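Trainee: With the input below, show me the fold.
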Amino acid sequence: MDRTSQTIRVRVGSEPIDPGLLFSEVGRPDSGATVVFTGTVRDHSSGKAEVSHLEYEVYAEMVVPKIEAIVEEAVAKWPVLSAVVEHREGTVPLGEVSVAVAISCAHRSDAFEAARFVIDELKQRAPIWKKEHWPGGAEWSRGS
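Mentor: As a prediction, the model looks like this:
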């Protein structure tokens, strides 16, 4: 496998995430499978019927290297051709993407497994805090 043309990128920022652009970025002629996972802001959460939006607090200088290390672990475990991970910070409205993982591999099972590993490990290990807002209140929790 030619890893010299491999795309590996992690970004944390306040700009909206475009899953289509991530899909295009990881696409390659030698890739038979591309998995794009998106986590979106939903209108409810555990015990809260009406979530209005989320607010993410991210210390990018710490989070980006942590996510890059997770991606490198995935690259070491699976034959990942390209990987892009983006996470929002700040206020994210209902229905918008707060996190996205795009992985391309030659075969679908590798792409699915690598993408699941990256998002699961990101949620466990990246120091990202979110605040759920609902009518009459808000609450911080760790997680993405």
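Trainee: Let me see the ranges of the strands in the protein.
Mentor: 7-13, 33-40, 53-58, 80-88, 90-93, 97-105, 128-134, 137-142 (DSSP state E).
Trainee: Export these to a markdown table and append columns for mean neighbour count, distance to residue 113 and mean pLDDT.
Mentor: All C-beta spots, glycine's among them, are computed from the backbone N, C-alpha and C. Compiled in a markdown table, the strands of the chain are given as follows (neighbours: other C-beta atoms under 10 Å; distance: least, C-beta to C-beta, whole Å; pLDDT from 0 to 100):
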| stretch | mean neighbour count | distance to residue 113 | mean pLDDT |
| --- | --- | --- | --- |
| strand 7-13 | 17 | 17 | 96 |
| strand 33-40 | 18 | 9 | 98 |
| strand 53-58 | 18 | 26 | 94 |
| strand 80-88 | 26 | 10 | 98 |
| strand 90-93 | 15 | 27 | 96 |
| strand 97-105 | 26 | 9 | 98 |
| strand 128-134 | 18 | 23 | 91 |
| strand 137-142 | 11 | 25 | 81 |
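Trainee: Would you tell me which of those gets closest to residue 74?
Mentor: strand 80-88 (5.8 Å; C-beta to C-beta).
Trainee: quick one: the nearest residue to residue 23 once chain neighbours are set aside and residue 118, what's the gap?
Mentor: Sequence neighbours aside, residue 36 is the residue nearest to residue 23 in space, at 5.2 Å (criterion: C-beta to C-beta, 6 or more residues apart in numbering). Going from residue 36 to residue 118 by C-beta to C-beta, to the nearest Å gives 12 Å.
Trainee: which phi and psi does residue 6 have?
Mentor: Dihedral pair for residue 6: phi -70, psi 130, per degrees, to the nearest 10.
Trainee: So it is in contact with residue 79, correct?
Mentor: No. Using C-beta atoms under 8 Å, residue 6 makes no contact with residue 79, being 10.4 Å away.
Trainee: residues near residue 124, how many?
Mentor: 11 (other C-beta atoms under 10 Å).
Trainee: Just the pLDDT at it, thanks.
Mentor: In this model, residue 124 is scored at 95, pLDDT.
Trainee: Any figure for the gap between it and residue 66?
Mentor: 10 Å.
Trainee: With that, I have no additional questions.
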